[in-house]
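Visitor: Provided below are the primary sequence and the corresponding predicted coordinates.
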Amino acid sequence: MNGNLWLDNSIVRDGRLAGVIDFQNASFSNPLFEFLLSFFGVPDLQGWGIEHRYCQRIGVDPAILHWYHGLEYFDTLRWVLFTGESFVQHTAENLQLNLKKWLDHAHV
């Protein structure tokens, strides 16, 4: 995985993904988690159905997205608490609130 899959590291030509740059954080990871990172970092991308269509395209049930969103909150909160720095628009306080809301709505 690229390890840094943000819109700034994507090369787009004629409305299509033409390339990805910045592999200094490359490692083995879950491709769906990395794909969803852009949606977490740029909330304006959410609500367009792209996440669901991507899941369908790779043969994954979109119902699993709820669990990935919880993982995003947890993993980002861990990083923010470790570094003491906000992550994009996410602070420790709003991450804790969002994680609590996610847990309250999780259907285990």
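Guide: Sure thing, it's come through. Residues are numbered from 1 along each chain as shown.
Visitor: pull the helix or strand with minimum mean pLDDT from the protein.
Guide: One helix or strand of the chain scores below all others by mean pLDDT, DSSP states H and E: helix 31-41, with a mean of 77.
Visitor: Could you pull out the buried residues of it?
Guide: Judged by neighbour count using 16 or more other CB atoms under 10 Å, the buried positions of helix 31-41 are 32, 35-41. From N, CA and C alone the C-beta is placed, and that goes for glycine too.
Visitor: Closest one to Thr83 out of these, please.
Guide: Nearest to Thr83, judged by CB to CB, of these is Gly41 at 15.5 Å.
Visitor: Just the pLDDT for the closest residue to that closest one other than its chain neighbours.
Guide: The spatial neighbour of Gly41 that comes closest, neighbours along the chain excluded (CB to CB, 6 or more residues apart in numbering), is Val88 at 4.7 Å. Note for Val88: predicted pLDDT of 79.
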